[in-house]
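Participant: Here is my input; please provide its structure:
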Amino acid sequence: MNKENRDMKDVPLVIDCRQVTRTYTQGPEKLTIFSDISLEVTPGETVAIVGSSGAGKTTLLNLLGGLDKPSSGEISICGKHIHRLSEAGRARFRNRHLGFVYQFHHLLPEFTALENVMMPCALGGVAVSDARSRAQTILQRVGLAERLEHKPGELSGGERQRVAIARALVNEPDCVLMDEPTGNLDEHTGEGVRELIESLRDQFGIAFVMVTHDMKMAKSLGRVLRLEQGRLVQEA
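Facilitator: Sure, this is the predicted structure:
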């Protein structure tokens with residue numbers, strides 16, 4: 001991975017979210033999840049989004065990842081207005097520029113750790129030999145060099161989450177979006193994941209945006225924003 005060598009002055013904001021509103025219609029009622037949300041994320045920055053259940057944190061994360069469309073406003077990723085792309089275009093763009101990590105690792109149980117991590121490369125048309133090399137390298141980076149051929153059922157919870165993080169990183173994304181990455185882990189294992197995120201951010205200049213209830217993790221990693229009552233504000 002070579003993100004550490006890029007000239008930061010020439011790189012646009014990783015995320016530029018401008019006055020984004022998301023509403024849903026339920027019969028005659030219109031439900032506003034949030035309104036006029038703006039957010040900027042720079043290369044190598046970690047932003048934690050906290051808030052009560054139902055505040056819209058995961059909805060916002062899905063909008064930033066191009067998995068949902070805003071009712072109004074604009075979202076740019078690395079200078080590209082992602083919601084102006086076709087569905088196929090957004091999928092290609094996500095595969096190249098974004099990584100995703102969820103509370104539940106969503107690894108395919110019938111495949112090994114190595115094969116799971118290779119999959120984003122395969123979807124991007126990378127040759128099998130190159131995909132294998134990339135996957136081996138990133139699994140080594142996350143401390144799983146000895147677990148390449150193990151299937152998810154043979155791995156601990158922390159190891160499975162590390163595989164999921166490796167999968168998110170294998171295409172060298174500009175940003176990784178994380179939804180409760182330590183939500184199902186014990187405190188000790190969660191601390192290991194936090195240290196891993198910090199190391200990868202500092203080493204490769206990858207931006208991380210995470211939704212979390214873990215305030216210790218949020219405050220230790222970087223900027224903390226609270227989503228409450230439809231507004232995104234800086235946490236004191």
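Participant: what's across from the spatially most central residue of the chain in the sheet?
Facilitator: In the chain, the C-alpha nearest the mean C-alpha coordinate belongs to L177, at 1.5 Å (C-alpha atoms, centre = their mean). Per DSSP bridges, the residues bridged to L177 are F100, V209.
Participant: can you pull the contacts of it?
Facilitator: Residues near L177 by C-beta atoms under 8 Å, 6 or more residues apart in numbering: L61, L64, G65, L98, G99, F100, V101, V209, M210. In this view, the C-beta of every residue, glycine as well, is placed from N, C-alpha and C.
Participant: what about 7 Å?
Facilitator: Residues in contact with L177 (C-beta atoms under 7 Å, 6 or more residues apart in numbering) are L61, L64, G65, L98, F100, V209.
Participant: Give me the pLDDT for it.
Facilitator: Looking at L177, its pLDDT reads 93.
Participant: Okay, it and E159: tell me how far apart.
Facilitator: 21 Å (C-beta to C-beta, to the nearest Å).
Participant: which residues sit against the worst-scoring helix or strand of the chain on mean pLDDT?
Facilitator: None of the helices or strands of the chain scores lower by mean pLDDT, DSSP states H and E than helix 187-204, at a mean of 79. With C-beta under 7 Å, 6+ apart as the test, helix 187-204 has contacts from 1, 3-4, 44, 46, 142, 157-158, 161-162, 165, 169, 181-182, 185, 206, 208, 214, 217, 220-221.
Participant: coming back round to it: of all the contacts of L177, which comes closest to R18?
Facilitator: Nearest to R18 among the contacts of L177: L64, at 12.2 Å, using C-beta to C-beta.
Participant: List the contacts of that closest one.
Facilitator: Neighbours of L64 in contact, by C-beta under 7 Å, 6+ apart: I15, C17, I75, L177, V209.
Participant: circling back: mind putting the contacts of L177 in TSV, distance to D130 and pLDDT included?
Facilitator: Shown next, in TSV, are the contacts of L177 (distance: C-beta to C-beta, whole Å; pLDDT from 0 to 100):
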residue	distance to D130	pLDDT
L61	30	91
L64	28	92
G65	25	90
L98	20	91
F100	21	90
V209	28	93
